[in-house]
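**Student:** can't give you the sequence, but here's the structure:
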């Protein structure tokens, strides 16, 4: 996987992007506020329908995928 643009010598994995990158701490806090403990489960974030709008909000707020996907519309 490509390197994280914010963390030297760190691969930008799904886990890193969603759960660990310190650059997205504020956005992750909002995700956790909305979903509680479930926000720390990649399986939940990627498969639970109730997580989808919050995950899309996180993706848009980070701006990380904007160059590839543009602004992702809420479901």
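**Tutor:** Yes, it's here. These figures come from a predicted structure and were not determined experimentally.
**Student:** show me the shaky parts of the chain.
**Tutor:** Residue ranges of the chain with pLDDT under 70: 1.
**Student:** nearest to the middle of it, which residue? Look it up for me.
**Tutor:** residue 18 (3.7 Å; CA atoms, centre = their mean).
**Student:** show me what stretch 44-59 is in contact with.
**Tutor:** The contact list for stretch 44-59 (CB atoms under 8 Å, 6 or more residues apart in numbering) reads 14, 18, 24, 27-28, 30-31, 34-35, 38-39, 65, 69, 72-75. No exception for glycine: its C-beta is placed from N, CA and C like everyone else's.
**Student:** of those residues, buried ones?
**Tutor:** For the contacts of stretch 44-59, a neighbour count by 16 or more other CB atoms under 10 Å gives the buried set as 18, 24, 27-28, 31, 34-35, 38-39.
**Student:** farthest pair in those residues?
**Tutor:** 24 and 38 (17.5 Å; CB to CB).
**Student:** for this protein, just list every one of the strands.
**Tutor:** Remark: no strands are assigned in the chain by DSSP state E.
**Student:** quick one: the helices in it?
**Tutor:** Under the criterion DSSP state H, the chain contains helices at 14-15, 25-35, 42-47, 52-62, 66-69.
**Student:** right, and the residue nearest to the centre of the chain touches residue 42 too?
**Tutor:** Yes: if you go by CB atoms under 8 Å, residue 18 and residue 42 touch, sitting 6.2 Å apart.
**Student:** still on that earlier bit, including distance to residue 7, could the helices of the chain go into TSV?
**Tutor:** Shown next, in TSV, are these (distance: least, CB to CB, whole Å):
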stretch	distance to residue 7
helix 14-15	12
helix 25-35	12
helix 42-47	18
helix 52-62	13
helix 66-69	19
